[in-house]
Structures are given as C-alpha cells and as structure tokens.
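# here you go, sequence then predicted model.
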Amino acid sequence: MYKALFGRPWVVYCKQPFFGPAQVVEYLGQYTHRVAITNQRILNIADGKVTFVAKDYRDRAIKKPVTLNGVEFLRRFTMHILPKRFVKIRRFGIYNHTVTRNLNLQFTPEEKPDIDKIISQQKPPETNVERFERLTGVNLVFARRAKPGEWLP
C-alpha cells in the first residue's frame, strides 16, 4: 500500500493562514497536546443532550453554553480522535514527570542577582566624542585646529 502511495507524485494543497503562523501552531497544539474537550467544560448530560462550554468566535470569543444531542456531540468528539499509530506529544527527557520522580530531581531557582550592585558597576553610556576617539584614534578634545591651507595628519 505504501509503495503505491509513494510511487505517485502528489502535492499538498496549503493556503496561507489568515492570521499568521502563530495561529496555525495554536490550532495544531489543540490536537497534539490535549484532548478535544475536558470534563470541566461539560456542564450537563441529560435527556440525550450534552451541554458544554465553547467559545463563540462570532461574538468576540465569549464562552457560551452549547447544547447538542448526544449523537452530534459524539460525531464532533470523534473527529478529534487521532488515527491509529498517531500519538499526542508528551513531555520527554528531563521534563518527563517520571524522570523527576525517579531521579528525585529538584529544580531550585538560582539566587537573584543584586540589581543595585550590577547598576553601580555599569559604565555610563559612551558619548559621541568617546565613540569617535575609539573608532578613529583621534581625540577631539585635544585636537589642534588646522589653519587655512594647513594639513593636519
């Protein structure tokens, strides 16, 4: 089956996102990092209907209760189930909760630096005269002015 798919040339149709790449990442993150709907959003299940909280993007993304019959709710919910062999992204490496539990890692914040000491050690900003001297090697304060027709090295 895979040989047949990879044997054919194909092009993915992609449109430019309306609100930029940040919106695309946020949209995809909803599917890769969490379930479609959390228990806290479900308000009521009664008489074959499910009431839950959803954002109404047509009305400034205000959270409003939505009531759907059970079949429609399940249809929409199953649209968010990942296909076989796809997995949600989980924390890994040092951020994995089992690593911190098993290795007894404790993350302690570094000591806060003494801001007053850092400020007192900073040099004042470079003036234009100092910058000119640093770049050219000519000290404008002690530079002798040339007389008309005289050339200064």
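Done, it's in. Residues are numbered from 1 along each chain as shown.
# pull the number of nearby residues for residue 77.
A count of nearby residues for residue 77, using other Cβ atoms under 10 Å, gives 14. For every residue, glycine as well, the C-beta is placed using N, CA and C.
# for residue 26, give me phi and psi.
Geometry field for residue 26 lists phi and psi as phi -60, psi -40, criterion degrees, to the nearest 10.
# count the neighbours of it for me.
With other Cβ under 10 Å as criterion, residue 26 counts 10.
# just residue 85 next, same as before
The number of residues packed around residue 85, counting by other Cβ under 10 Å, is 5.
# also residue 69?
Residue 69 has 12 neighbours, counted by other Cβ under 10 Å.
# any idea which helix or strand of the protein has the worst average confidence?
helix 97-103 (a mean of 65; mean pLDDT, DSSP states H and E).
# just checking, next helix/strand downstream of that one?
helix 115-121 (DSSP states H and E).
# element containing residue 147?
Following DSSP H and E, there is no helix or strand that holds residue 147.
# got it, and residue 63?
Going by DSSP H and E, residue 63 is in strand 62-69.
# ok now the helix or strand immediately after that strand in the chain, how far from the chain's centre?
Per DSSP H and E, the first helix or strand lying C-terminal to strand 62-69 is helix 70-78. Distance, stretch centre to chain centre, for helix 70-78: 31 Å (Cα atoms, centre = their mean, to the nearest Å).
# what's the separation between the most centrally placed residue in the chain and residue 60?
By Cα atoms, centre = their mean, the chain has its centre lying nearest to residue 22, at 7.5 Å. Distance of residue 22 to residue 60, given as Cβ to Cβ, to the nearest Å: 19 Å.
# ok, now residue 135?
54 Å.
# before we move on, what about residue 5?
For residue 5, the distance to residue 60 - Cβ to Cβ - is 43 Å.
# quick check, residue 53 in a strand?
Yes: counting by DSSP: H, G, I helix; E, B strand; the rest coil, residue 53 falls inside a strand.
# contacts only, for the residue lying closest to residue 69 once chain neighbours are set aside.
Sequence neighbours aside, residue 49 is the residue nearest to residue 69 in space, at 5.5 Å (criterion: Cβ to Cβ, 6 or more residues apart in numbering). When contacts are counted by Cβ atoms under 8 Å, 6 or more residues apart in numbering, residue 49 touches 67, 68, 69, 70.
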